[in-house]
Structures are given as C-alpha cells and as structure tokens.
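Q: Sequence and computational prediction follow.
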Amino acid sequence: MPLLLKPDLTALNQLAAAVEDFAASHQLQPSDAMRLNLVLDELFTNAVDYGRQPEGSLIAITLTRSPGQTLVTMEDQGIAFDPLDIPPPDLEAALEDRPIGGLGIHFLMTFMTDLAYRHSEGLNRLSFRQIDSPPGTETE
C-alpha cells in the first residue's frame, strides 16, 4: 500500500518516519536506511519545490521488500520531469563555482539501481531498487 503524502515540505517528517518504520520492520542496516531516506527526501523535496503539483493531489511512495533489496516507486501529478536525463554534477569544481542543487539526483544515481522513469496520462512514475549492503559491512 503506498504512502500518500500532501505535496508540502511539512510532510517530510511523515516520510522520514515511514522510512524509519519500514527499515525497522524489515531489519535494514542503518546505512541502507539512511541512504533510502536521503534519496526519498531529495526526490520528494524536488517534486514539491519544482513539480507544480495540482491542488488536492498527493505524492505516492511505495516501498516493497524482496530478498536482498528494497523496491521503490514514486508517483506524482506534477509537470513531466525525467531525473535520469539530468547530467551528473561536476564534483571536481570548486564549491563556489558549483550551481545550487543537483546532488539529490546524484545520490539517486549513486546509491540506487535499475532506475526507470515514465510519464503517462499526467503521472510521473519513477522506480528504482536499493540493493542491501552485505551483512557485517556496517561501521560504527
């Protein structure tokens, strides 16, 4: 069942709590939970800040477990935007020369796999997988 969130930044706390509950109930390693939360926070924030979501719409996020991985789908009714078409940020540039933003999509492409985007019938649908870190790789 998807998590349905109002397209408002105040829903970030609800999103973070849902990811935390999901991670705990599926015994994700803390680093995997942190990466999942970071990517979803960034994607949700972009959808709210730039997506021009219609009045009364909701952003749907579905988290599903299968052995060794978490499957994620995010759907919204904002303007069509394929994050997979965005060039990677220049991480070698000096901080003062870098444009603001762009790291959220970089995190998505760095931490997740099997990314797919589709815009159909007024709906953005982004899906991806997070592969579990090997057991025992957590650092303290």
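A: That came through, no problem.
Q: Taking the centroid of this structure, which residue is nearest it?
A: For the chain, the residue nearest the mean C-alpha position is residue 40 (2.7 Å; Cα atoms, centre = their mean).
Q: Please report how far the closest residue to residue 112 other than its chain neighbours lies from residue 9.
A: With sequence-adjacent residues excluded and distances taken as Cβ to Cβ, 6 or more residues apart in numbering, residue 112 is closest to residue 128, at 4.2 Å. Backbone N, C-alpha and C define where each C-beta goes, glycine included. Plainly put, residue 128 is 22 Å away from residue 9 if you go by Cβ to Cβ, to the nearest Å.
Q: Of the two, which one has the most company?
A: Ranked by neighbour count (other Cβ atoms under 10 Å), residue 128 and residue 9 place residue 128 first, with 22 against 11.
Q: can you give me the strands for this structure?
A: 3-5, 59-66, 69-76, 113-120, 123-131 (DSSP state E).
Q: Please identify the most buried of the ones you listed.
A: Most buried of the strands of the chain by mean neighbour count (mean count of other Cβ atoms under 10 Å) is strand 69-76; its value is a mean of 20.
Q: Given that one, what are its sheet partners and their directions?
A: According to DSSP bridges, strand 69-76 forms sheet pairs with strand 59-66 (antiparallel), strand 123-131 (antiparallel).
Q: isn't residue 126 right next to residue 74, touching?
A: Yes: contact criterion Cβ atoms under 8 Å: residue 126 and residue 74 qualify, at 4.9 Å.
Q: what's the spacing between residue 61 and residue 130?
A: 13 Å.
Q: Equivalent analysis for residue 23, please.
A: If you go by Cβ to Cβ, the gap between residue 23 and residue 130 works out to 11 Å.
Q: Need the overlap of contacts for the two.
A: Common contacts of residue 23 and residue 130, defined by Cβ atoms under 8 Å, 6 or more residues apart in numbering, comprise 32, 36.
Q: what sits up against stretch 26-33?
A: 19-20, 22-23, 36, 65, 70, 130, 132-133, 135, 137-139.
Q: Save the residues you listed as CSV, and put in pLDDT and distance to residue 52 too.
A: As requested, the contacts of stretch 26-33 are exported to CSV (pLDDT from 0 to 100; distance: Cβ to Cβ, whole Å):
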residue, pLDDT, distance to residue 52
19, 98, 25
20, 98, 29
22, 98, 28
23, 97, 31
36, 97, 26
65, 97, 33
70, 98, 29
130, 98, 28
132, 96, 35
133, 92, 36
135, 79, 43
137, 71, 40
138, 65, 40
139, 54, 41
